[in-house]
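> show me how the following folds:
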Amino acid sequence: MTLEVQFRELKAKDKAGLAEYLEERLERLKKFELKPISIRALFSSERQMIRLQINASGADVFFTAKTSSFDSFEAVDKAIAKLTMQMSKKKQASPTLREEGIISLNQKQQYHHKDHLF
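Prediction:
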């Protein structure tokens, strides 16, 4: 997993801490085993509001989360929560090979039940 973090109009003292905090929080996404190849994060500031956009892309997946908050660490937590929700939905929607095999086996048993003579 590669991580690219960009900052626009943000104070220099916040940059190092935010990058470390973001990387620490992104470790939570590894449990979904969707293996995004690259993650790009963009922090920007408009007056006192911090905006964060995270794009995670892999071989066949693309996730994005946009948040804004007065606290930059809160913005990171909100964005990670959004990505977690998207990835969990994707993981639930894509059945494993074993599940597909069980479904097809159950369907065959339904049609070849001795009460149904086709």
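
> ends of stretch 44-53, what's the gap?
9 Å (CA to CA, to the nearest Å).

> in it, what's buried?
For stretch 44-53, burial by neighbour count (16 or more other CB atoms under 10 Å) applies to 50, 51, 52, 53. C-beta coordinates here come from the backbone N, C-alpha and C atoms, glycine included.

> quick one, phi/psi of residue 56?
When read as degrees, to the nearest 10, the backbone of residue 56 gives phi -120, psi 120.

> what's across from it in the sheet?
For residue 56, the beta-bridge partners are residue 39, residue 63 (DSSP bridges).

> so who does it touch?
Residue 56 makes contact with 29, 36, 38, 39, 62, 63, 64, 83 under the criterion CB atoms under 8 Å, 6 or more residues apart in numbering.

> residue 13: which of these is nearest?
residue 39 (23.5 Å; CB to CB).

> so that closest one touches residue 55, yeah?
Yes - Residue 39 lies in contact with residue 55 (CB atoms under 8 Å); the separation is 7.1 Å.

> so for these two, which residue has more residues nearby?
A side-by-side neighbour count of residue 39 and residue 55, using other CB atoms under 10 Å, places residue 39 first with 21 against 17.

> in this structure, mark out all the helices, start to finish.
12-26, 72-93, 97-111 (DSSP state H).

> out of the contacts of residue 56, which is most surrounded?
In terms of neighbour count, residue 83 stands highest of the contacts of residue 56 at 23 neighbours, by other CB under 10 Å.

> now do the contacts for it.
Taking CB under 8 Å, 6+ apart, one finds 29, 54, 56, 63, 65 in contact with residue 83.

> same check, this time on residue 54
Neighbours of residue 54 in contact, by CB under 8 Å, 6+ apart: 39, 40, 41, 42, 64, 65, 79, 80, 83.

> thank you kindly, that will do.
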